[in-house]
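Coordinates for the following, if possible.
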Amino acid sequence: WLSGWQSAAIIILLSGIIISVSLSGFKKAFLLATGIVLSFLLIKLDLTTEKIYWKPLNFITARDSPYSRIKLIKTDEQLSFYTNNVLAFNFPDLAAAEQAVHFAMLQKPEAKKVLLLGGGFNGSLEELLKYPEARVDYVELDPVLVNLAKNILKDKTSIFKTSRLSFITRDGRKFLQEQPPASYEVIISQLPEPVSLQLNRYYTVEFFSLVKSRLVEDGLFSFSVPASENYLSDERAEFLASLYFSLTQVFEEVCLLPGDSVFLLASSHALRDDFAYYQDQLRVLNLNTVYFRPEILAYRLTDLKKKYLEARIKEVRQAKLNYDQTPISYYFNIVLWSKQFKGWEKNLLVFMARHSRLYLFHLPLILIVSLLLYSLKTKSVSWPVGWPLFFLGFSTIMAEIGLLLSFQVHSGLVYGKISLLLSLFMLGLFLGSWQAKIYLPAGQLWPLVLCQAAMVIFLAVASLSYKIGSEYFYYGLF
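Numbering: from 1, shown residues only. All right, here's what the predicted structure looks like:
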């Protein structure tokens, strides 16, 4: 798979060759030489620019795949794997690995069938294999990431030599859909927080329902998201509440464990969250851990911290649930990200998050009507043509963005197909403009009104895209 720089180099070289066919002499030679030099420079700039971008960190390498651009960064003895500039995992990251595994597995230490979704190369797979009866299916979306991790880590870990571990390169959600009911006793998700719609698919009511159907009757599901151990802002509380209450829609028992990462455990049977239970389990099983130890857990699992976390989440008024087609947790994550900066965007996002949809849909409509009335009052000569063009263009842009987001929710992948979708969109614009120039009369208003009416019909059909569930239907819409 080619990077953006490499793709640009090939396009420039091919364009130079094609154009040079119509030239001769010095111009032809100059164009070909320029195309070759530029292509060579772009290819060399690929990794060079990455090294500059990541300074003062030590950039090792980058790989491209249909799913993401993977980058490997080294800091002292730690290796960090990034996908599309989002941290996938660190190696070694023993603290994160131990808590991700043992908070869940100590609830069911006898589990024989365990599924791990993402993040396993940080040391979690080694921790899971400390349970002698566990056979682990590890699902990772990107085979390029798996192969890179194997090549880099093969001499640093023994997980590639055991028969109790299966590597599966597949979209985790689609993999679960293909499994029969009651396939697993424990399912652990170590995917990043919902920073994109692709990742948000693993935090919705629909996904939680799928997980429950693939667990045995007393099975357990676990995941974590970044938080703060001693203080939660209102925005962070709303984000956690959207996940917590979405989980309670599906599972009878949901347990919250405080810390820099909040762990959510879910099951149809009773769960334990007290320090004494984990202390006893560690002693009985004689697990060799470094960070997941009684002296650390005693500080983390205090009643005061657990009650504060639960109270902050449950006091959120009218907590919103996270659905595939209503990705509110993704939105709250954007709000949290915006709080890092000082600007009006943060206040706008917070305002929209805390108010009903009435504002979101009626305010733009009120603004448009006001502009129309103003144009009529001032008797502007441009409004009969200008405003319909504006509305049609605005509707087209919004429909394109909405379909891209819906496509990502449906397929879980937009990175490798964005060029195809945008090319189809541009092809549609070309064909429509070409046919309009031939068949529609110029200088009249009714064709624009007809186009806007067609856009309304198109949006009504597009609203069925997720229910139809066909990738080719999306191609047709674009």
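
Confirm that Ile52 sits in a helix.
Yes. Checked against DSSP: H, G, I helix; E, B strand; the rest coil, Ile52 lies within a helix.

And it, how far from Ile73?
13 Å (C-beta to C-beta, to the nearest Å). No exception for glycine: its C-beta is placed from N, CA and C like everyone else's.

again, but for Leu191
Distance from Leu191 to Ile73, by C-beta to C-beta: 20 Å.

Check Gly25 too.
From Gly25 to Ile73 the distance is 49 Å (C-beta to C-beta).

What of Phe91?
According to C-beta to C-beta, Phe91 stands 11 Å off from Ile73.

where do the helices sit along the stretch 151-300 of the chain?
Ranges of helices in the stretch 151-300 of the chain, per DSSP state H, counting those that start in this stretch, are 172-178, 197-200, 205-214, 234-248, 275-285, 294-300.

and if you look at the stretch 301-450 of the chain?
For the stretch 301-450 of the chain, the helices defined by DSSP H, counting those that start in this stretch cover 303-314, 328-338, 344-353, 357-378, 383-411, 418-439, 446-462.

Would you single out the least confident of those?
Least confidently modelled of the helices of the stretch 301-450 of the chain is helix 357-378, at a mean of 61 by mean pLDDT.

ok, residues contacting stretch 203-217?
Outside of stretch 203-217, the residues that reach it under the criterion C-beta atoms under 8 Å, 6 or more residues apart in numbering are 115, 173, 176-177, 179-185, 187, 194, 201, 219, 221, 223, 243, 246-247, 249-251, 266, 268-269, 321-324, 327, 329.

quick one on the thing from earlier: compare Gly25 and Ile73 and say which is more crowded by neighbours.
Taking neighbours as other C-beta atoms under 10 Å, Gly25 and Ile73 compare with Ile73 leading, 19 against 7.

That one - that's part of a strand, no?
Yes. Under three-state DSSP, Ile73 sits within a strand.

Touching, Thr248 and Leu256? I think so.
No. Assessed by C-beta atoms under 8 Å, Thr248 is found out of contact with Leu256, at 10.8 Å.

Now the longest strand belonging to the chain: average pLDDT?
In the chain, taking DSSP state E as the definition, the longest strand is strand 215-226. Average pLDDT, strand 215-226: 94.

so how far is it off the chain centroid?
For strand 215-226, the separation from the chain centroid amounts to 20 Å (computed by C-alpha atoms, centre = their mean, to the nearest Å).

Could I get the buried residue list for it?
Buried residues in strand 215-226, counting neighbours by 16 or more other C-beta atoms under 10 Å, are found at 215-216, 219-225.

which one among the residues you listed gets closest to Ser233?
The closest of the buried residues of strand 215-226 to Ser233 turns out to be Val225 (C-beta to C-beta; 14.0 Å).

Contacts only, for the closest one.
Residues near Val225 by C-beta under 8 Å, 6+ apart: 193, 239-240, 243, 261-262, 264.

Drop anything exposed from the residues you listed.
Among the contacts of Val225, the ones that count as buried by 16+ other C-beta under 10 Å are 193, 239-240, 243, 261-262, 264.

and Leu413, what is it in contact with?
Leu413 sits next to 66-67, 171, 198 when contact means C-beta under 8 Å, 6+ apart.

gap between the two ends of stretch 224-242?
Start-to-end span of stretch 224-242 (C-alpha to C-alpha, to the nearest Å) is 14 Å.

which of the residues in that stretch are buried?
Under the neighbour-count rule (16+ other C-beta under 10 Å), stretch 224-242 has 224-225, 227, 232, 235-242 buried.

Give me the phi and psi angles of the residue lying closest to Asp171 once chain neighbours are set aside.
Nearest residue to Asp171 in three dimensions, chain neighbours excluded: Gly412, at 5.1 Å (C-beta to C-beta, 6 or more residues apart in numbering). Here is the backbone geometry of Gly412 (degrees, to the nearest 10): phi 80, psi 10.

do the same with Val21
The phi/psi pair for Val21 (degrees, to the nearest 10) is phi -60, psi -30.

Quick check, pLDDT for it.
Value for Val21, per-residue pLDDT: 80.

What residues does it make contact with?
Contacts of Val21 (C-beta under 8 Å, 6+ apart): none.

For it, give its distance to Val86.
For Val21 relative to Val86 (C-beta to C-beta), the value is 44 Å.

can you check Leu47 too?
20 Å.

give me the number of residues near the closest residue to Glu110 other than its chain neighbours?
Setting aside the residues directly before and after it, Glu110 is nearest to Glu133 in space (C-beta to C-beta, 6+ apart), at 6.2 Å. By the measure other C-beta under 10 Å, the count of residues near Glu133 is 11.

before we move on, the earlier item: including pLDDT and distance to Gly16, could the contacts of Val225 go into CSV?
Output for the contacts of Val225, formatted as CSV (pLDDT from 0 to 100; distance: C-beta to C-beta, whole Å):
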residue, pLDDT, distance to Gly16
Glu193, 91, 45
Phe239, 92, 50
Leu240, 94, 54
Leu243, 95, 52
Ser261, 93, 52
Val262, 95, 55
Leu264, 95, 56
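
Mind putting the residues you listed into JSON lines with distance to Phe121?
Putting those into JSON lines (distance: C-beta to C-beta, whole Å) gives the following:
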{"residue": "Glu193", "distance to Phe121": "18"}
{"residue": "Phe239", "distance to Phe121": "27"}
{"residue": "Leu240", "distance to Phe121": "27"}
{"residue": "Leu243", "distance to Phe121": "25"}
{"residue": "Ser261", "distance to Phe121": "18"}
{"residue": "Val262", "distance to Phe121": "23"}
{"residue": "Leu264", "distance to Phe121": "23"}
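
And those residues, which is closest to Leu79?
Taking C-beta to C-beta as the measure, Leu79 lies nearest Ser261 of those, at 20.3 Å.

Enumerate every residue touching the closest one.
Taking C-beta under 8 Å, 6+ apart, one finds 96, 99, 224-227 in contact with Ser261.

which stretches of the stretch 1-150 of the chain form helices?
Here the stretch 1-150 of the chain has its helices, by DSSP H, counting those that start in this stretch, at 4-20, 25-54, 94-105, 124-128, 143-153.

Would you mind telling me which of the ones you listed is nearest Tyr278?
helix 94-105 (7.9 Å).

The closest one versus strand 215-226: what angle between them?
Helix 94-105 runs at 150 degrees relative to strand 215-226, counting by axes from the mean of the first three to the mean of the last three C-alpha atoms, to 10 degrees.

now helix 94-105: mean pLDDT?
Helix 94-105 shows a mean pLDDT of 93.

Now tell me what touches it from outside.
Here helix 94-105 makes contact (C-beta under 8 Å, 6+ apart) with 90, 111, 114, 119, 122-124, 126-128, 131, 134, 186, 188, 190, 220, 222, 224, 257, 259, 261, 263, 265, 278, 282, 287, 289-292.

again, 6 Å this time
Residues from elsewhere that reach helix 94-105 (C-beta atoms under 6 Å, 6 or more residues apart in numbering): 122-124, 127-128, 131, 186, 188, 190, 220, 222, 257, 263, 289-292.

How far off centre is it?
When C-alpha coordinates are averaged (C-alpha atoms, centre = their mean), helix 94-105 and its chain have centres 23 Å apart.

And it, what's buried?
94-105.
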